[in-house]
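Participant: fold the following.
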Amino acid sequence: MNLAETLARVDLTDERQQQQLYHWFEQCKDDQSAIQFACDALTKRTYGDRDQVVFFLFLVLEAEAKRLDTTDALVPLDSFKITLVETCKYAALCPNFVSSKIAQVMAVSFTKLYPKHWPDFFECLIQCGPDILLSTLIQIDGEVVNRRIHHTKRELDRNTRLKDEMRVKDVGTLVATWKEILEKVVESKLSSAIGCKCLEVVGQYIEWIDINLVVNDGFMGKIFELLKRADLAESVCDCLGEIVQKGMPPKEKCVLVESLYGALEAAGLFELQDHDDLESVAKLICTCGSELMHQNEKFLRLDPPDQEGAHQAMVAGERKVELAIRLLAHEDDEVSVETLDFLQTYIGRARSSNHKIPDELLNRCIRAVVAKSTYSSDYNFDRPGQDEAEADEYMTELKQLFESCCLHSPQAVMMIVKERLDALSPHISIPEAEVTIRLLYNLGECLPVNMAGNSFNKDNPSELQQLVQIFVGSSSPQHHAVVRLTLETIVRYSKFFQFHAEHLGPVLEFIVTSGGLLHSHGMVRSRAAYLFSKLVRELQPVMPTFSRDLLQNLQKVLFEGDEEFLSESDRSFVFEAAGYLAVCAPVSAGEKAQLFSELLGPLVERFQIDVSSLVETPMEPEQQQIICTRVSQYIAWAGRITKCWKGPDGVNASNAQPILAETLKYFMKGLQIPSSIEPRAVVMQSVRTFLHRMLICMGQDILVLLPDALAIFLERVEYRELHELFPLINQIGAKFKEKTVPLISTLLSRILGNTFQMIESNTGDREEIKTITRDFYNFINQSANNNLLAIFTTEENQGHIMKMLSSVEAGARSGDPVAAKTCFTIFAKIAKEWGQQPWFGDIIQNQIIPACILGPASPNYDLKDAQTQMAVAESAICMKALYEMHGEGLVEYLRSTYLPSLSISGDIGAEYCEALMKKEIKAFKCYVKCFFGRSHQPS
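Facilitator: Down below sits the predicted model:
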């Protein structure tokens, strides 16, 4: 392409053609003529103020710059360098995006050419003016120094070499140039923007250059003069912060920090009321303080520890704390947040080094933390937005400092929290009430472990326990944010009520009425549902006294209101709590049965009404969906009621077995909803889940109810139905073992038919087929575990054995290592179960042994994959199981017949047989991995 003609025609007002420039770049970046054209055009300023064209040409040069140190460079080096120097001379006149690109190209060229091919790089750059000099130095920092940018090992070695060369040849000149630039900024001969950029460069480079080049009266004098300039004060503080963080021995660092801090104090920087850049000032003060804390730690790590140096560093740091606390308390959170790291580090170091913090100082710090933990009056609790999110983030950081205070001096913190709890009333402001309760809530996770909630006891109440007692006896504003936090705090300290049950009644009444489940705000009701359920479960031993009254009060919450009042999942928690309350009620088993009948009866009744309506009344699909969803909710809520039971013994203790059986019978009628009603799947899913619960709760009585249900689940060959049915069948087998053989035997033909139809389908989703295949193998494996292999040997199912075994063999030789591992496990278990059957010898020779040898040897097996390695190990276990049953006969068959048939040499075959006979299972598994690792396909 003729680049000159193309660029002459391009219309930069056309956005499409602007984008076209970047497509042309791919063609030009490796074209020698295009690169040379770019050099000439930029040197002569052919395109003047056509900035996007100029930017495009620099993209072309950047691609060339990246290969300057290779044999792939396409233009003469001198020509390229002349272009860069000439363009640098007018870089200051270009818009930012162009001048930034020039600096990037210069930085890349520096890494490739300095010092060997461009020894006077910095001399040339300095002559081009301060703006491009500083911009390029910033880019060089990114290329060579910045640790936040990932570099390869080769790049790191190169960067070390470049810094060493610069220290020797050019750093002195650069520092002198920076000083000249700052002088001109002081004299207003250069702009403040140049001054900011120069200070940024000093801050970047101080990390690895000789600090004495900068920290001297001449250079620092210029920086301090700029401190008086409002438009430069922030940049000066940032630069001084970088100087303070310069790595050096602890003693020298302390001298540097203290001398610099003293000079800043003398310059009036810390007269906070007169300063506009408090955020930067706070950052600098706290950087100085943090560095002193780090030196305190370093002194103590010396061998031997320098106790005197550590003490002086701590005392010096402590002198910064008072100022930091004043800044912490500042109304602007952006100022306050800059102090958190230092104060937290100071308190942490004091705690670990047993340094006594002055009581007044600590008290001021805690009170500042508490004051700043209060949300502002304009915080929108109802509709939180970006401002609220930022405030929450600040609170999270502040909480860490609160925790440090708690760990260092828990009594001091609890004294201040007590003051606030004593003042808690319905008449204080919402933010004040909210922060008071939140501080008490946070004590539970911020106090030392021996003082937190676990410390509660009856005879000698802990300090935290006493605070909770004040809290439960107080009242506060009923704003939803305060109420929600009140509920969270009550549940966090639920152990309190085990020793103070006299307070529990009013608290429970508060939760189940207008303070929680019947609160006017939906967020409170939602959270109260979960918290009430948790509280009931945790306080089960003391709940009997209140259970009957609570169940009565819960009727409205359980059975009234729509989704807006309480969502399906939230109401589930209330039903679960109701189940626990019924179980612990201090009444006879018969009366408990009546309580459960009162809980389950309304759900069954509504279920019947809706199912009848669904079946008998014509309606739109949308209405069918609504009713099916509602029906599934009734079933789900009934299941949550039964969570109070861990097994049939608990059900029998409540005399609830007949009620559950009757409930299950009714719910199973949901399976009879015609398949023409499309949303019935959601009902079937709920019934299936309920059956899982009933298998836990009920005894053998449930077996007579299962055949019809399982038959309905098997009516349709659908992925989800089959995928979710296998766990149910496995659970039935695991619970009732051999007693389920008649049940599963009658269903096996359908199970296998549906499974093979899906597995063998050429149109199904591959991942679904893979999942169903794994489910099927897991079903066989679980059947073996539960002594249910007899389901395959019944008269009506014997014809399925060979197809099942062929499927397992295919799975063992497949590329799915999870399925393969299960299949080898199945073969080992089946061999032990059926190994003595006269017909099983052929199975071993024709299917199990080939699977164990040809499977791992096939290309399907990626022997580098961890799961595949596990499958190979399982194949070794299978072969060991065969050897334990058939001994020398198996070895003889392998040595003389099978392994030679695979063209495996006699020596290797003998080695395998020897390992099989003599190695322990662990050693044999390792051997087999190596055996198949030698050759993926035996020859």
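Participant: quick one: average pLDDT of stretch 751-770?
Facilitator: In this model, stretch 751-770 has a mean pLDDT of 86.
Participant: how about that stretch: buried residues?
Facilitator: By neighbour count on 16 or more other C-beta atoms under 10 Å, the buried set for stretch 751-770 is 751-752, 754-756, 758-759, 764, 768-770. Backbone N, C-alpha and C define where each C-beta goes, glycine included.
Participant: what about that stretch, how long is it end to end?
Facilitator: One end of stretch 751-770 to the other measures 17 Å (C-alpha to C-alpha, to the nearest Å).
Participant: mind putting the buried residues of stretch 751-770 into JSON lines with distance to Thr822 and secondary structure?
Facilitator: Formatted as JSON lines, the buried residues of stretch 751-770 follow (distance: C-beta to C-beta, whole Å; DSSP: H, G, I helix; E, B strand; the rest coil):
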{"residue": "Ile751", "distance to Thr822": "17", "secondary structure": "helix"}
{"residue": "Leu752", "distance to Thr822": "17", "secondary structure": "helix"}
{"residue": "Asn754", "distance to Thr822": "19", "secondary structure": "helix"}
{"residue": "Thr755", "distance to Thr822": "14", "secondary structure": "helix"}
{"residue": "Phe756", "distance to Thr822": "17", "secondary structure": "helix"}
{"residue": "Met758", "distance to Thr822": "18", "secondary structure": "helix"}
{"residue": "Ile759", "distance to Thr822": "14", "secondary structure": "helix"}
{"residue": "Gly764", "distance to Thr822": "21", "secondary structure": "coil"}
{"residue": "Glu768", "distance to Thr822": "18", "secondary structure": "helix"}
{"residue": "Ile769", "distance to Thr822": "16", "secondary structure": "helix"}
{"residue": "Lys770", "distance to Thr822": "13", "secondary structure": "helix"}
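Participant: where does Met1 land on pLDDT?
Facilitator: For Met1, the model assigns a pLDDT of 54.
Participant: for the stretch 51-200 of the chain, what spans make up the strands?
Facilitator: With strands called from DSSP state E, counting those that start in this stretch, the stretch 51-200 of the chain shows none.
Participant: quick one: secondary structure of the closest residue to Ile357 other than its chain neighbours?
Facilitator: Among residues not flanking Ile357 along the chain, Ala350 sits closest, at 5.1 Å (C-beta to C-beta, 6 or more residues apart in numbering). Classification of Ala350 by DSSP: H, G, I helix; E, B strand; the rest coil places it in helix.
Participant: can you tell me how far Ala350 is from Ser404?
Facilitator: 10 Å (C-beta to C-beta, to the nearest Å).
Participant: then Arg934?
Facilitator: 59 Å.
Participant: so between these two, which is more surrounded?
Facilitator: Ser404 (22 against 8; other C-beta atoms under 10 Å).
Participant: re earlier: tell me who's in contact with the residue nearest to Ile357.
Facilitator: Counting by C-beta atoms under 8 Å, 6 or more residues apart in numbering, Ala350 makes contact with 314, 356-357, 408.
Participant: export those to TSV and tack on pLDDT and secondary structure?
Facilitator: Converted to TSV, the contacts of Ala350 look like this (pLDDT from 0 to 100; DSSP: H, G, I helix; E, B strand; the rest coil):
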residue	pLDDT	secondary structure
Met314	95	helix
Lys356	91	coil
Ile357	93	coil
His408	93	helix
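Participant: which of these are buried? Put it as a ChimeraX command.
Facilitator: In ChimeraX, a selection of the buried entries from the contacts of Ala350 looks like this (16+ other C-beta under 10 Å):
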select :314,357,408
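Participant: in JSON lines, list the contacts of Ala350 along with distance to Gln478.
Facilitator: Converted to JSON lines, the contacts of Ala350 look like this (distance: C-beta to C-beta, whole Å):
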{"residue": "Met314", "distance to Gln478": "48"}
{"residue": "Lys356", "distance to Gln478": "44"}
{"residue": "Ile357", "distance to Gln478": "39"}
{"residue": "His408", "distance to Gln478": "36"}
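Participant: what about stretch 135-146, how long is it end to end?
Facilitator: Stretch 135-146: ends 15 Å apart by C-alpha to C-alpha.
Participant: what are the contacting residues of it?
Facilitator: 88, 91, 99-100, 102-104, 106-108, 110-111, 125, 149, 159, 162-163, 174, 197, 200-201, 204-205, 207-208.
Participant: next step: the residues you listed restricted to helices.
Facilitator: Among the contacts of stretch 135-146, the members found in helices (DSSP state H) are 88, 99-100, 102-104, 106-108, 110-111, 125, 159, 162-163, 174, 197, 200-201, 204-205.
Participant: is Tyr375 in a helix, a strand, or coil?
Facilitator: coil.
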